[in-house]
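> test case, fold it:
(one chain, ligands or ions: 2)
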Amino acid sequence: MTKLSVNINKIATLRNSRGGDVPNLLQFAKDVQSYGAEGITIHPRPDERHIRYQDAYDLKSEVYTEYNIEGNPIPKFMDLVLDIKPTQVTLVPDATDAITSNAGWDTIKHKDFLTEVIQTFRSNGIRTSIFVDPDLHQIEGAKATGTDRIELYTEAFAHQYSLGNKEAINPYMECAGLANTLQLGINAGHDLSLQNIQFFKENIPGLQEVSIGHALIAESLYMGVEKVISSYLEKLK
Ligand SMILES: CC(=O)[C@@H](O)[C@H](O)COP(=O)(O)O
Ligand SMILES: NCC(=O)COP(=O)(O)O
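Ligands and ions are numbered 1, 2, ... in the order given. I've put the predicted structure just below:
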């Protein structure tokens with residue numbers, strides 16, 4: 001059984017574009033949990049262009065499933081996570097101006113830093129996960145940091161799969177095999193979608209959690225737009 005954690009960054013992006021409170025982020029989080037989602041993921045960025053730090057605090061009392069906060073462990077982010085104490089923190093090595101996450105950690109180069117950060121979070125009762133590329137050396141490096149889990153960065157798989165290249169799953173399968181042997185928990189995310197999720201899940205043994213945002217929100221628009229147009233037309237008769 002793989003848990004679905006819904007990344008709600010895009011809801012905050014839409015809200016912020018008009019400066020008000022539509023759509024309401026907290027209500028959305030409540031609703032997706034009531035529809036069965038098993039977690040809520042947010043990825044606050046230093047410029048707060050979507051999730052604001054205050055959102056992260058406000059969500060704390062509304063998330064009754066798993067609360068996963070992702071980000072680069074700069075001091076401001078560390079303080080936020082240690083204050084909130086979510087279920088899980090996922091460490092992502094993003095540049096401050098990154099449009100979206102575009103690489104996993106070099107767990108070998110940053111071993112000492114990651115080990116210290118992970119120890120801080122774990123000693124506060126927060127489960128840890130490290131965002132990594134599907135590379136066996138990086139999985140071994142992740143194990144050495146003491147992290148509970150890894151999050152496999154799935155952008156390369158998603159892109160290749162959309163081009164029909166199913167072999168793109170191979171490095172992920174190898175990394176999952178190694179992670180299972182090392183008793184590292186396995187999460188995955190980035191560009192997972194209704195098109196690729198079943199194939200990914202079927203080929204990754206021990207996949208514990210996926211966090212999905214961008215495609216899930218776009219798919220929700222497409223799957224809902226017909227009903228909404230009909231509702232408007234009904235009112236405009
Ligand atoms: C780590 C990861 O892949 C996601 O958290 C992704 O970075 C979402 O962030 P944006 O919504 O800012 O693209
Ligand atoms: N950790 C990945 C995540 O939260 C969502 O990524 P995406 O589905 O928005 O690409």
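
> tell me how far residue 154 lies from ligand 1.
According to CB to the nearest ligand atom, to the nearest Å, residue 154 and ligand 1 sit 8 Å apart. (Each C-beta comes from the backbone N, C-alpha and C, glycine too.)

> next up, the contacts around that residue.
Listed by CB atoms under 8 Å, 6 or more residues apart in numbering, the contact set of residue 154 reads 172, 188, 189, 190, 191, 192, 200.

> in CSV, list those along with secondary structure.
CSV is the format used below for the contacts of residue 154 (DSSP: H, G, I helix; E, B strand; the rest coil):
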residue, secondary structure
172, helix
188, strand
189, strand
190, coil
191, coil
192, coil
200, helix
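
> and the residue nearest the centre of the chain, helix, strand or coil?
Per CA atoms, centre = their mean, the C-alpha nearest to the average position across the chain is that of residue 211, at 4.0 Å. Judged by three-state DSSP, the three-state class of residue 211 is strand.

> so it sits against residue 187, correct?
Yes - under the criterion of CB atoms under 8 Å, residue 211 makes contact with residue 187 at 6.9 Å.

> shared neighbours of these two, anything?
Each of 90, 151 lies in contact with both residue 211 and residue 187 under the rule CB under 8 Å, 6+ apart.

> kindly provide the distance from residue 185 to ligand 2.
Distance from residue 185 to ligand 2, by CB to the nearest ligand atom: 14 Å.

> returning to that earlier point: and the furthest pair within the contacts of residue 154?
Of all pairs drawn from the contacts of residue 154, the greatest distance, 13.0 Å, lies between 172 and 191 (CB to CB).

> kindly state the beta-bridge partners for the residue of the chain at minimum distance from ligand 2.
Per CB to the nearest ligand atom, residue 189 is where the chain lies closest to ligand 2, at 2.7 Å. Following DSSP bridges, residue 189 is listed with bridge partners residue 153, residue 211.

> for the longest helix belonging to the chain, which residues meet the burial criterion?
Longest among the helix segments of the chain by residue count, using DSSP state H, is helix 214-235. In terms of neighbour count (16 or more other CB atoms under 10 Å), helix 214-235 has its buried residues at 214, 215, 216, 217.

> need those in CSV with distance to residue 7 and pLDDT, can you?
Shown next, in CSV, are the buried residues of helix 214-235 (distance: CB to CB, whole Å; pLDDT from 0 to 100):
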residue, distance to residue 7, pLDDT
214, 8, 98
215, 10, 98
216, 7, 98
217, 8, 98
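
> so which of these also contact ligand 2?
Filtering the buried residues of helix 214-235 for proximity to ligand 2 by CB under 6 Å from any ligand atom leaves 214, 215.

> looking at the buried residues of helix 214-235, which one is closest to residue 117?
Among the buried residues of helix 214-235, and counting by CB to CB, the member closest to residue 117 is residue 214, at 26.4 Å.
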